[in-house]
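Trainee: I'll drop the sequence and a predicted model, then ask my questions.
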Amino acid sequence: MSVVVIEHLARVEGHGGITVELEGDTVANVRFDVFEGARLLEPLIRGKSYDEVAPTLSRICSICSVAHTLTSLKATEDAFDVHVSPQTELLRELLFRGESIESHALHLFLLAAPDYLDYPSAIAMAADKPAAVLLGLRMKKLGNLIQETIGGRAIHPVNAVPGGFGKPPTVDQLIELRSGLTQGMADSDAAIDVMASLPAADFCHSDTVYAALRSPNLDSYYSGDEVMAVSDGNRAIVHAADYRSLTNEQSLPHSHAKHSNFRGKPFMVGSLARLTVNPRRLTGRLAVAMKRLKFQLPADNPMDNNKAQALELISDVERALEIIEQLLRAGVKDERPVPIHPKAGTGTAITEAPRGMLIHSYTYDANGCIVAADVITPTALNAASMELHFRRAVEQCAEREEAVISKRLQMIARAYDPCISCSVHILRRR
Amino acid sequence: MSKPTVGIFGLTGCAGDQLAILNCEDQLLDLVALIDIREFLMASSENDTECTLDVALVEGAVVSEKDAARLRVIRKRSKALVALGTCAVWGGVAAMDRGVDRKKLIEEVYGPTGLGYDSIPTQALREVVKVDLNITGCPIEKEHFLAAIANLLNGNAPAYPQYPVCTECRMLENNCMLVERGEPCCGPITAAGCEARCPSLRVACVGCRGPATDFNVPALVTMLADKGFDRQRIAARLRTFAPVEVA
C-alpha cells in the first residue's frame, strides 16, 4: 500500500492536512485531517448574556467574522422575535458583500492563483505578475473599506449589534464607498480577465449535490430562511428550524470537524452552490463573464468554485452599489438599534458566508442568557464533499507520481476555500 | 546589511492577526522587500521550517500539546519572539476555560471519540516560553504591526499604550457608555490602542484587547454593581478575552 500525505496544508486558513491511501491503483482511504485545536467556544459561552454572544462567536474565524457576527445576531433576534429596520437589513447585506469581496479577492489572487501558475505564494508571483497581485490587493482593500465603514473594523466587526447598528454610516461615508465601488466595477471585470487567462484545472469530475440559502427576492447572503439542495435536477427545500435534517453529523477520530450528509450524500456549499441554487442571477455582465470563463451550470468540477467566486466579485460589487444608491435615495437615518426584550426560546439563522452556508442556533433562558449554542460552519459542511472529490481526483489521475497527485489534491482543497478554524466548531453531540 | 529573517506562525485561534498582516494591502509588497519572510504557512507553500529567525511573530493560544511543541521549536529558532494578538498575549476567548473541566466539555461536544483528541487547558504564549514583545488586540491594529517592523528595522523597541481605553475615549469627547448610558463598558480596565473604536460607535467595550497595565477591577465591578448589573454577569463579561481575576 502506498500513502500520499499532505501534512500541513499551506495557503489556507487554519491547520489541516490530507491523507490518501492507495492499494495498487485503488483508492482505499481518503481523509481530510483537521488538527486545529478545539477552543470549545460554544459550550464556554453558556450563561453569557445575549449582547456578548456575537462578539464572542465572531472569534471562531477572522475571514468569516462578519458572517459569524451577523448570523449570530439574526439567530438571537429570531429567538426574541425582534424585527430590525429596513435600513439595518440593507446595511447588513452591504457588510456581507464587503466581507465577500475581501475574502474572494484574498482567496483567488493571494491563495489559489499561485497554484495555477506554479508559484509558491502571491509574494513570489508578484515579482513576475505584479498587475494580477495588485488587482487582488486593490479588491481586497475595497472589501475591507466596506467592512470598516459599515462594521467599524475589517476583522471582527464591532458596529453590528442586536437590533441594528451602534452608529449607521454617514452620507459622506457612503459616497466615499460608492466611488471605491465604481473602481471596483472595472476591477471585477479585470478579475475575470485574470481568471480566464489561467490554465484549465480539469482533473476532477464528479456528480455533486449543492446546497445554499434560497433567496426570497433579490439574491441575498443574509435574508431568507430556507435552504435548497440541488442534485441532478432534483430539488429539496429545508426550513431553517429543521436544519438538523441537513446536517447528519458524525465525529471522526481523524478530524476535529464533524462531517455532514444530505440524505446520505455529501454536499458542497459555497459560491458554486449559490450560483447553482440561484441561477437567475446570471444575467447581464455575469452572463458575459460566464462565457469568458467557459463556465457552465450545473458544474461537475469542484475547481469551478474558483470561477464562481470570480463571478461573485462582479455581483457583490454591483449589489453593494445598488444598496448604497438605495440608502442615499431613502436618506440615511441616524437610528438606534431597536430595543431588545429577551425571553426564553430558540432561534436559528442560516446565511451565506463567503465559503458557504453558515448556521447558528441558540436557546436562551428568560433573562436572555445562553442555555445552548450550536454553530455549523461551511467548512464542516464541506468536509465530506472534499473527501469525495479528493477520491475522484486520485481515481481520475492517470499518473501515480506523488507530486502530481499531491498538487491536484491541494488545488481541490484550496478551491473549497476552507476555513479550518471554523470547521472545528460544532457543539451538538451525536 | 542583510534583511532580517522573519517567520509568521499561527497556533490555535482565528488567524485574524495573520489576516491583519495580509490586510496591509498598501504596504505588503514594500514590506516583503525589507524583510525576508522565511515561513508563513497561511500565505506560502514554500517554507523553510528549520532556519534560524531574527523574529518570530506568533498568533493564537496554546490549547494542545502539538501547539506547545510547535511553540517551543519556534522559540529555539528565534532571536526574538513576538506574541501577536490577544490570544497569544492573554489566552483570548479560549481562556474562558479557566476552572472548567475540559474533558467533560470535549466529550459533550464530540462524544467518546473526542476523548482521544490532543487538548490541554488554554495558555498564553508567555506561560509556555519566554516572550520578548507583546502586541495585543483582537485582532491587532495593523498600524501596531507595521510600527513593530519599522522599529525592528531601526533596532528600536516599539512602545504601545499602557493606559486604558477610557483615556482615548475621553480625548475623543465621546459620551461615557458607563456613566452616562449605564452600559457594562470594559473601557476602564482594557488596554488602549484602538482609538476607543467601540464607544466611538456608541457600543460598549467588550475588552477585546485584554487588561491595561494599571487597572482596577474591583472599582469597575463596584461601579457596575451600583448600576444594577449582577456580579456573575460582570465576571462573565470581564473574563471573555483574558482570564482577569474578578474577586
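Mentor: Now that the structure is in, tell me what you want to look at.
Trainee: Provide a list of residues in contact with residue A:139.
Mentor: Listed by C-beta atoms under 8 Å, 6 or more residues apart in numbering or on different chains, the contact set of residue A:139 reads A:101, A:102, A:104, A:105, A:109, A:184, A:187, A:188, A:191, A:313. Placement of C-beta: from N, CA and C, glycine included.
Trainee: Find the residue closest to the residue nearest the centre of chain B in space, skipping its chain neighbours.
Mentor: Against the mean C-alpha coordinate of chain B, by C-alpha atoms, centre = their mean, the closest residue is residue B:86 at 1.3 Å. Of all residues not flanking residue B:86 in the chain, residue B:138 sits nearest, at 4.1 Å (C-beta to C-beta, 6 or more residues apart in numbering or on different chains).
Trainee: wait, doesn't that neighbour sit right on residue B:90?
Mentor: No: using C-beta atoms under 8 Å as the test, residue B:138 is too far from residue B:90 to be in contact (9.3 Å).
Trainee: give me every residue that touches the one residue sitting closest to the centre of chain A.
Mentor: By C-alpha atoms, centre = their mean, chain A has its centre lying nearest to residue A:355, at 2.0 Å. Applying C-beta under 8 Å, 6+ apart, we find residue A:355 in contact with A:64, A:103, A:269, A:270, A:378, A:379, A:382, A:416, A:417, A:418, A:419, A:422.
Trainee: Could you rerun that using 6 Å?
Mentor: Going by C-beta atoms under 6 Å, 6 or more residues apart in numbering or on different chains, residue A:355 touches A:270, A:378, A:417, A:419.
Trainee: and the last one, how far is that from chain B?
Mentor: Think residue A:419. Applying C-beta to the nearest C-beta, to the nearest Å, the value for residue A:419 to chain B is 8 Å.
Trainee: burial count for that residue?
Mentor: The number of residues packed near residue A:419 is 30, by other C-beta atoms under 10 Å in any protein chain shown.
Trainee: Equivalent analysis for the third one, please.
Mentor: Using other C-beta under 10 Å, residue A:417 has 28 neighbouring residues.
Trainee: my guess is it meets residue A:108, correct?
Mentor: No: taking contacts as C-beta atoms under 6 Å, residue A:417 lies outside contact range of residue A:108: 8.9 Å.
Trainee: coming back round to it: how about the residue nearest to the centre of chain A, phi and psi?
Mentor: Dihedral angles of residue A:355 (phi, psi; degrees, to the nearest 10) stand at phi -100, psi 10.
Trainee: Switch the contacts of residue A:139 over to TSV; also include secondary structure.
Mentor: Output for the contacts of residue A:139, formatted as TSV (DSSP: H, G, I helix; E, B strand; the rest coil):
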residue	secondary structure
A:101	helix
A:102	helix
A:104	helix
A:105	helix
A:109	helix
A:184	helix
A:187	helix
A:188	helix
A:191	helix
A:313	helix
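Trainee: Would you tell me which one of these comes nearest to residue B:198?
Mentor: Nearest to residue B:198, judged by C-beta to C-beta, of the contacts of residue A:139 is residue A:102 at 21.0 Å.
Trainee: how close does the closest one sit to residue A:88?
Mentor: Distance, residue A:102 to residue A:88, by C-beta to C-beta, to the nearest Å: 21 Å.
Trainee: which of the two has more neighbours?
Mentor: Using other C-beta under 10 Å as the criterion, residue A:102 and residue A:88 rank with residue A:102 on top: 29 against 21.
Trainee: distance of the more buried one from chain B?
Mentor: 8 Å.
Trainee: dump the residue contacts of the nearest residue to that residue once chain neighbours are set aside.
Mentor: Spatial nearest neighbour of residue A:102, excluding adjacent residues (C-beta to C-beta, 6+ apart): residue A:143 at 2.8 Å. Contacts for residue A:143 (C-beta under 6 Å, 6+ apart) come out as A:98, A:101, A:102.
Trainee: again with residue A:376
Mentor: A:247, A:359.
Trainee: and it, what are its bridge partners?
Mentor: residue A:359 (DSSP bridges).
Trainee: Roughly how far does it sit from residue A:211?
Mentor: The gap separating residue A:376 from residue A:211 is 12 Å, by C-beta to C-beta.
Trainee: And for residue B:112?
Mentor: According to C-beta to C-beta, residue B:112 and residue A:211 sit 29 Å apart.
Trainee: Who has more neighbours out of these two?
Mentor: Neighbour totals were compared for residue B:112 and residue A:211, and residue A:211 leads with 28 against 9 (other C-beta under 10 Å).
Trainee: I'd assumed residue A:229 was in contact with that one.
Mentor: Yes: contact criterion C-beta under 6 Å: residue A:211 and residue A:229 qualify, at 4.3 Å.
Trainee: does stretch B:123-133 come close to chain A?
Mentor: No: judged by C-beta under 6 Å from any C-beta of the partner chain, stretch B:123-133 stays clear of chain A, getting no closer than 11.2 Å.
Trainee: about what we covered before: so can I have CSV of the contacts of residue A:139 showing pLDDT and distance to residue B:208?
Mentor: As requested, the contacts of residue A:139 are arranged in CSV below (pLDDT from 0 to 100; distance: C-beta to C-beta, whole Å):
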residue, pLDDT, distance to residue B:208
A:101, 98, 24
A:102, 98, 20
A:104, 98, 26
A:105, 98, 26
A:109, 97, 29
A:184, 97, 30
A:187, 98, 32
A:188, 98, 33
A:191, 98, 33
A:313, 97, 30
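Trainee: Take the residues you listed and lay them out in TSV including distance to residue A:68.
Mentor: Below are the contacts of residue A:139 laid out as TSV (distance: C-beta to C-beta, whole Å):
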residue	distance to residue A:68
A:101	17
A:102	14
A:104	17
A:105	20
A:109	24
A:184	24
A:187	27
A:188	25
A:191	26
A:313	22
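Trainee: tell me the contacts of the closest residue to residue A:271 other than its chain neighbours?
Mentor: Among residues not flanking residue A:271 along the chain, residue A:308 sits closest, at 3.7 Å (C-beta to C-beta, 6+ apart). By C-beta under 6 Å, 6+ apart, the residues touching residue A:308 are A:271, A:272, A:275.
Trainee: now residue A:114
Mentor: A:121, A:122, A:125.
Trainee: cutoff 10 Å now
Mentor: A:11, A:120-126, A:129, A:132-133, A:414, B:43-46 (C-beta atoms under 10 Å, 6 or more residues apart in numbering or on different chains).
Trainee: So which of those are in helices?
Mentor: Among the contacts of residue A:114, DSSP state H puts A:122, A:123, A:124, A:125, A:126, A:132, A:133, A:414 in helices.
Trainee: any idea how far the closest residue to the first one other than its chain neighbours is from residue A:81?
Mentor: Closest residue to residue A:122 in three dimensions, ignoring its sequence neighbours and counting by C-beta to C-beta, 6+ apart: residue A:110, at 4.1 Å. The spacing between residue A:110 and residue A:81, counted by C-beta to C-beta, is 42 Å.
Trainee: Between those two, tell me which one has more neighbours.
Mentor: The neighbour comparison of residue A:110 against residue A:81 (other C-beta under 10 Å) goes to residue A:110, with 24 against 10.
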